[in-house]
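> Next one to model:
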Amino acid sequence: MLKNTVLSKWHIQYEDELFQDRCNYDVWFDYSRLKEGALQDLKDEGATPEYEEAAIACVQEVYE
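Residues are numbered from 1 along each chain as shown. Down below sits the predicted model:
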């Protein structure tokens, strides 16, 4: 539960920073690692293929 709260905070912070400066590549890399970690957590928890596909779509959006 605490982990989800902290990750949510980082998610919001990264999005705010990217809103202010879309060319901040350090934040882009941190944000993409956060999204990839969320995907790995889903896999570790035994997520269904539908949840995995939704998470992969989010990660792909970050890279585009």
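
> Can you show me the helices along the chain?
2-20, 25-44, 49-63 (DSSP state H).

> Save the ones you listed as CSV, and put in mean neighbour count and mean pLDDT too.
Yep, even glycine has a C-beta here, placed from its N, CA and C like the rest. CSV is the format used below for the helices of the chain (neighbours: other C-beta atoms under 10 Å; pLDDT from 0 to 100):
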stretch, mean neighbour count, mean pLDDT
helix 2-20, 11, 85
helix 25-44, 14, 84
helix 49-63, 12, 70
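
> so residue 27 touches residue 17, yeah?
Yes: counting by C-beta atoms under 8 Å, residue 27 does reach residue 17; the two are 4.7 Å apart.

> Look at stretch 11-30 and report the distance between its end residues.
End-to-end distance for stretch 11-30: 10 Å, by C-alpha to C-alpha, to the nearest Å.

> just how off-centre is that stretch within its chain?
Relative to the centre of its chain, stretch 11-30 is centred 11 Å away, using C-alpha atoms, centre = their mean, to the nearest Å.

> same check, this time on stretch 41-54
14 Å.

> Start and end of it, how far apart?
OK, stretch 41-54 end separation, C-alpha to C-alpha: 13 Å.

> And for stretch 19-30?
Stretch 19-30: ends 15 Å apart by C-alpha to C-alpha.

> ok, now how distant is the closest residue to residue 14 other than its chain neighbours from residue 53?
Once flanking residues are discounted, residue 14 sits nearest to residue 31: 4.1 Å by C-beta to C-beta, 6 or more residues apart in numbering. Counting by C-beta to C-beta, to the nearest Å, the separation of residue 31 from residue 53 is 20 Å.
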